[in-house]
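*Asks:* pasting a predicted model and its sequence here:
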Amino acid sequence: MRTSKTSTLTWQGEEFRFTDVSDHMAPGDVFDVPGALFTQRRHGPFLAVTWWRRDCKEPIHLVTNMTSAEEACGWYRKRFKIETLFSDQKSRGFHLHKSHLSDPTRLCRLLIAASLAYLWIVYLGAYALRHGWEKIIHRNERCDLSLFQLGLRLLDHFLNEELPIPVAFTP
């Protein structure tokens, strides 16, 4: 979990913040604190990691149940490959976070339906690119939308213009 540089840690009875560590680091450095307790409530123990990637202006602070800083940083690097999926399912797309479902069976059904819908909307985004619709539903000079966002816009356009909507997963 990524956390704030002002988060409080406790290690061997001493309280400190991530900033106390990062003030003594340079790009390329990794500093880890195994067995740290996290926040004023002292949750944990966790592995606390301050990781200053060479391509970043400041360090990233992580708290994890993993055993090594290298493993935690490796998994954190991969997180960005799926981040758009989560935002498309939540705040930038289907707004699943507003369902407030707590029953596991109902939540499972919603996630299955949302996953199938997600695949179809991504298909519509690819369809938009393949058939030149992005010039109609988005700006002409460049496209900075994900396939999901293009697909949502294309679906909206088709519905507003009462055009037939492609439902197959073929070109």
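*Replies:* Sure thing, it's come through. Numbers count the residues shown, from 1 in each chain.

*Asks:* residue 153 is in contact with residue 159, correct?
*Replies:* No. Counting by Cβ atoms under 8 Å, residue 159 does not reach residue 153; the two are 10.8 Å apart. Placement of C-beta: from N, CA and C, glycine included.

*Asks:* so those two - more neighbours on which side?
*Replies:* Taking other Cβ atoms under 10 Å, residue 159 and residue 153 do not tie; residue 153 has more neighbours (20 against 10).

*Asks:* what element comes up after the least confident helix or strand in the chain by mean pLDDT heading to the C-terminus?
*Replies:* For the chain, counting by mean pLDDT, DSSP states H and E, helix 83-89 ranks last in confidence among helices and strands (a mean of 79). Next in sequence after helix 83-89, counting helices and strands by DSSP states H and E, comes helix 104-130.

*Asks:* now that next one: buried residues?
*Replies:* 114, 118, 120, 121, 122, 123, 124, 125, 127, 128 (16 or more other Cβ atoms under 10 Å).

*Asks:* what packs against the least confident helix or strand of the chain?
*Replies:* For helix 83-89, the elements it packs on are helix 104-130, helix 147-160, judged by 3 or more Cβ pairs under 8 Å, 6 or more residues apart in numbering; DSSP states H and E.

*Asks:* just want the angle from the last one to helix 104-130.
*Replies:* Same thing as helix 147-160. Taking axes from the mean of the first three to the mean of the last three Cα atoms, to 10 degrees, one finds helix 147-160 and helix 104-130 inclined to each other by 80 degrees.

*Asks:* re the thing from before, next, format the helices and strands packed on helix 83-89 as CSV and append distance to residue 138 and mean pLDDT.
*Replies:* CSV is the format used below for the helices and strands packed on helix 83-89 (distance: least, Cβ to Cβ, whole Å; pLDDT from 0 to 100):
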stretch, distance to residue 138, mean pLDDT
helix 104-130, 8, 92
helix 147-160, 7, 94
